[in-house]
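Enquirer: Need the 3D shape of this:
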Amino acid sequence: MSRIILSILSILVIIGCKQSDKKVGFIIPGAIWKDTEGNPINAHGGGILYDKGTYYWYGEYKKGLTWRVDYIKSWECYRTNAGGVSCYSSKDLVNWKNEGIVLPSERQDTSNDLFYGKVIERPKVIYNDKTKKYVMWLHVDSEDYSFARAGVAMSDNPTGPFAYIGSVRPYGQMSRDMTLFKDEDGRAYHVFSSESNATMYISLLDDNYLSHSDRYIRTLINLSREAPAIIRHKNKYYLVSSACSGWSPNKAMYAEADSMLGEWKMIKNPCVGRGSDTTYGTQSTYLLPIDGETGKFLFIADRWNKTNLEDSRYVWLPGKFENDTMVIQWQDQWNPIASSF
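Expert: Numbering: from 1, shown residues only. All right, here's what the predicted structure looks like:
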């Protein structure tokens, strides 16, 4: 009898050990987030593509010394060399595998848009069902941010390599902080801060997603909004953005509209509770739908460290819609798949 009990206990111990070996899937907002190899994730100002059961996180690769551009006096222009666009992949939004640099910066040609001494920011990738290509748009700029253009690249695979095509000032206007949005009908939109960040532009891209169509709007005029992020819930569209305060965090606001090229109306701050007046010390970069039926989504933001940009942190928080009102609330730790937020 004692041998039977001992055998059962041994089996239970083995089962318990196997269960304890499993990774606990928690996001801890603002903490150092390591990839599956144990290195800090380096993908700032990023966006997420969900493709064939896998999530792909694209972001700015920032590495090395941060310095302030001393001849710019109007704002704190802190910079680090542009390392290109990095990519990470995940099945659960918590554990991320490093897929490497999918769009590298240029090390020799100083006239190249992607020269490492310039600016490469806020890359976003969407898939074109017609051309079977992965299309990336990003903000490319000069050291003093006077270039203000939108760059575009393309790849056959989500993990690259992406071939850079070139850059443009859409409709002859500046293009800085930006995002992409692909609607349910397959139409894609480029959303960007323009006119010295005073106005937001929303442009319908062509069928190949490689250039801008003649359909666009100017919205949030003279409100000075940047860091746009868009999501659709039911039959409405929601645009989260931040005010323009350099590297210092400020209060997020969201606007809503009945169509992407329709009339956008500013509503209110989606963040609630302590820290909401500074968006919990962050700036928005992307909104990822988690459950379309219930309206759950993932709010993705950066907590910038202006004097050490490589060490800027990621703050991912749960969001939802309550009676068509957007709500984002702080969590010390949470799981985006298992959570019942």
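
Enquirer: so where is this protein shaky, pLDDT-wise?
Expert: Applying pLDDT under 70 to the chain picks out residues 1-24, 339-341.

Enquirer: In it, what residue spans correspond to helices?
Expert: 2-21 (DSSP state H).

Enquirer: Give the buried residues for stretch 80-100.
Expert: 80-90, 93-94, 96, 98-99 (16 or more other C-beta atoms under 10 Å). C-betas here are computed from N, CA, C, even on glycine.

Enquirer: Likewise for stretch 308-324?
Expert: So, applying 16+ other C-beta under 10 Å, buried residues of stretch 308-324: Leu309, Glu310, Ser312, Arg313, Tyr314, Val315, Trp316, Leu317, Pro318, Gly319, Lys320, Phe321.

Enquirer: hang on, Gly246 packs against Glu76?
Expert: Yes: using C-beta atoms under 8 Å as the test, Gly246 is close enough to Glu76 to be in contact (5.4 Å).

Enquirer: any common contacting residues for these two?
Expert: The contact sets of Gly246 and Glu76 overlap at Lys306 (C-beta atoms under 8 Å, 6 or more residues apart in numbering).

Enquirer: The stretch 51-200 of the chain: strands as residue ranges?
Expert: Here the stretch 51-200 of the chain has its strands, by DSSP state E, counting those that start in this stretch, at 54-62, 67-68, 78-79, 82-90, 97-103, 119-128, 133-141, 149-155, 163-168, 178-182, 188-194, 199-205.

Enquirer: Roughly how far does Met154 sit from Gly166?
Expert: For Met154, the distance to Gly166 (C-beta to C-beta, to the nearest Å) stands at 11 Å.

Enquirer: Between these two, tell me which one has more neighbours.
Expert: Taking other C-beta atoms under 10 Å, Met154 and Gly166 do not tie; Met154 has more neighbours (19 against 13).

Enquirer: residue contacts, that one?
Expert: Per C-beta under 8 Å, 6+ apart, neighbours of Met154: Lys133, Tyr134, Val135, Met136, Phe162, Ala163, Ile165, Leu210.

Enquirer: Tell me the one among the residues you listed nearest to Tyr127.
Expert: Among the contacts of Met154, Tyr134 lies closest to Tyr127 (C-beta to C-beta), at 5.5 Å.

Enquirer: any idea how far the nearest residue to the closest one once chain neighbours are set aside is from Thr278?
Expert: Nearest residue to Tyr134 in three dimensions, chain neighbours excluded: Ser155, at 4.7 Å (C-beta to C-beta, 6 or more residues apart in numbering). Ser155 is 36 Å from Thr278, where distance means C-beta to C-beta.

Enquirer: And Leu309, by the same measure?
Expert: 19 Å.

Enquirer: List the beta-bridge partners for Leu317.
Expert: For Leu317, the beta-bridge partners are Phe299 (DSSP bridges).

Enquirer: go on, Gly166?
Expert: Val152.

Enquirer: residue contacts, it?
Expert: Asp113, Gly151, Val152.

Enquirer: from memory Gly46 sits against Pro123, does it?
Expert: Yes: in this structure, Gly46 is within contact of Pro123 by C-beta under 8 Å, at 7.2 Å.

Enquirer: Which one's more surrounded, those two?
Expert: More neighbours surround Pro123 than the other of Gly46 and Pro123, with 30 against 24 (other C-beta under 10 Å).
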